[in-house]
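> could you work out the structure for the sequence below:
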Amino acid sequence: MMLLLAALLGYLSGSVPYGLLLTRAAGLGDIRQIGSGNIGATNVLRTGNKKVAAATLLLDALKGVVPVLLLGALWGREAGLVAGLAALVGHLFPVWLGFKGGKGVATGAGVLLAAAWWVGLVCAVIWLVMAKVTRISSASALTACAAAPVVALLSGDFLLAGFALVLALLIIARHHENIRRLMAGTEPRIGEKTR
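Model (predicted):
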């Protein structure tokens, strides 16, 4: 019963569409009508408002961090991991937006940082290095996601490695359009405005 409640609370935390709420509050319109139509920080950055993009990134990460830490402290590690996974699912498929959400990179990073800070930190460094080299957010995210279960496995913690693998697969699956554009060489670069 506690795991089900953890999943529900995690989902509700993850389903809050901060990118949409912040861009509307800032008078930037509906983020779903801009660029890729995604509600995440990378697309918010395409509005040209770096502060709103940074706030979106932070809040999207926190909605992954809070359920893992809070429910993990209350009901144990398994409840925290379940809540974290549910938070990612909530971000990807929010009930409030007809189950059409973001790509899950910031929320997934928050979940990983809270579940095993060193795995999250290594993946964040991988993302930063790839972003510097490629200037393509999706390529950076996909590389970091692919690395997450491998990094977790190095600790010998098979539960953590399996958890990181599920997170990575969900995020990679949501990037199917990006993968097609990467293969075609048409994926936009970080900060590039697209209409």
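
> so where's this structure shaky on pLDDT?
191-195 (pLDDT under 70).

> what residues sit buried inside the longest helix seen in the chain?
Among the segments of the chain that qualify as a helix by DSSP state H, the longest is helix 50-75. Under the neighbour-count criterion of 16 or more other CB atoms under 10 Å, helix 50-75 has 52-53, 55-57, 59-72, 75 buried. Just so you know, the C-beta spots here come from the backbone N, C-alpha and C atoms, and that holds for glycine as well.

> tell me where the chain has helices.
2-14, 18-25, 41-45, 50-75, 77-92, 105-115, 117-134, 137-153, 158-174, 176-184.

> need the winner for burial among these.
With neighbours taken as mean count of other CB atoms under 10 Å, these reach their highest mean count in helix 105-115, at a mean of 28.

> grab the CA positions of it and hand them over as PDB.
Extracted in PDB, the C-alpha atoms of helix 105-115 (Å, rounded to 0.1, in the frame of the first residue of the first chain):
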ATOM      1  CA  VAL A 105      15.900  14.800 -18.800                       C
ATOM      2  CA  ALA A 106      15.800  17.300 -16.000                       C
ATOM      3  CA  THR A 107      13.300  15.300 -13.900                       C
ATOM      4  CA  GLY A 108      15.300  12.100 -14.600                       C
ATOM      5  CA  ALA A 109      18.500  13.900 -13.500                       C
ATOM      6  CA  GLY A 110      16.800  15.000 -10.300                       C
ATOM      7  CA  VAL A 111      15.600  11.500  -9.600                       C
ATOM      8  CA  LEU A 112      19.100  10.100 -10.200                       C
ATOM      9  CA  LEU A 113      20.800  12.800  -8.000                       C
ATOM     10  CA  ALA A 114      18.400  12.000  -5.200                       C
ATOM     11  CA  ALA A 115      18.700   8.200  -5.500                       C
END
